[in-house]
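In: Sequence isn't available, so here's the structure alone:
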């Protein structure tokens, strides 16, 4: 049991809509990373948040945005949904201390389908 | 940029067979290397890791050795079980701590 939870489990949206996915980090962790896993592919890094600030971003457009809250829970927002945004979205929490990022623990993911 | 290439699946083996899943990487510097496993309906779990050349990561009977000269991190297990059926991802992280994953290898173990 990693302690990382995500909601909702599944979601269906229409092209052009906006979506918010949520992640609750494992207790004591101060860093959260989000990944997109398309069907049959490995996860791709979207961005990372550390103490409520973005701390690195992958090759995703600005319509992918995020928030990290003081309790270290996090949201991933995607605007103007496209069909290719259909994927499993994973969050991972960890601890960043002394310049070292410790093991990332993954949640079960949110399956987003865009029609 | 950094990248990971792993053998395509699916890989189908009989129980108690020997398993090898090949993984090679391209990276600047000295990345950390990982194998993650994704069981059906579950999130990613770290299976093992190695942080420097010649390190051997091991867990649950699985092993992988960090080979810098061949830029490889092949996953091996001497005797697989039905419960090992899952998708296995090779991955690396560099100085920016961003994890780069391979495309995954689906493993089926037949009883």
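Out: Cool, got the structure. The structure displayed is predicted, hence computed values, not measured ones.
In: how far away is the nearest residue to residue A:83 once chain neighbours are set aside from residue A:11?
Out: Beyond its immediate neighbours in the sequence, the residue positioned closest to residue A:83 (Cβ to Cβ, 6 or more residues apart in numbering or on different chains) is residue A:114, lying 5.3 Å away. The C-beta positions use only the backbone N, C-alpha and C, and glycine is treated the same way. To residue A:11, residue A:114 is 9 Å away according to Cβ to Cβ, to the nearest Å.
In: hmm, back to that, next, the residue nearest to residue A:83: phi, psi?
Out: phi -110, psi 120 (degrees, to the nearest 10).
In: so what's it up against?
Out: By Cβ atoms under 8 Å, 6 or more residues apart in numbering or on different chains, the residues touching residue A:114 are A:12, A:13, A:14, A:15, A:81, A:82, A:83, A:84, A:85, A:86.
In: Provide a PyMOL selection command restricted to the buried entries of those residues.
Out: PyMOL command restricting the contacts of residue A:114 to the buried ones, with burial defined by 16 or more other Cβ atoms under 10 Å in any protein chain shown:
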select buried, chain A and resi 13+81+85+86
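In: okay, among the contacts of residue A:114, which ones form the most distant pair?
Out: Within these, two members stand farthest from each other by Cβ to Cβ: A:12 and A:84, at 15.4 Å.
In: where along chain B do the strands fall?
Out: Using DSSP state E, the strands of chain B run over B:3-6, B:11-14, B:19-21, B:23-26, B:32-38, B:44-50, B:56-59, B:62-65, B:75-77, B:86-93, B:99-101, B:105-110.
In: So for chain A, which of those strands sits nearest?
Out: Of all those, strand B:99-101 sits nearest to chain A, with 3.3 Å by Cβ to the nearest Cβ.
In: Does the closest one reach chain A?
Out: Yes. With Cβ under 8 Å from any Cβ of the partner chain as the measure, strand B:99-101 is seen reaching chain A through B:99, B:100, B:101.
In: Where does the spatially closest residue to the last one that is not a sequence neighbour sit: helix, strand or coil?
Out: I take that to be residue B:101. The shortest distance from residue B:101 to any residue other than its chain neighbours is 3.3 Å, reached at residue A:42 (Cβ to Cβ, 6+ apart). Three-state assignment for residue A:42 (DSSP: H, G, I helix; E, B strand; the rest coil): coil.
In: who's in contact with residue A:42?
Out: For residue A:42, the contact set (Cβ under 8 Å, 6+ apart) comprises B:4, B:89, B:91, B:101, B:102, B:103, B:104.
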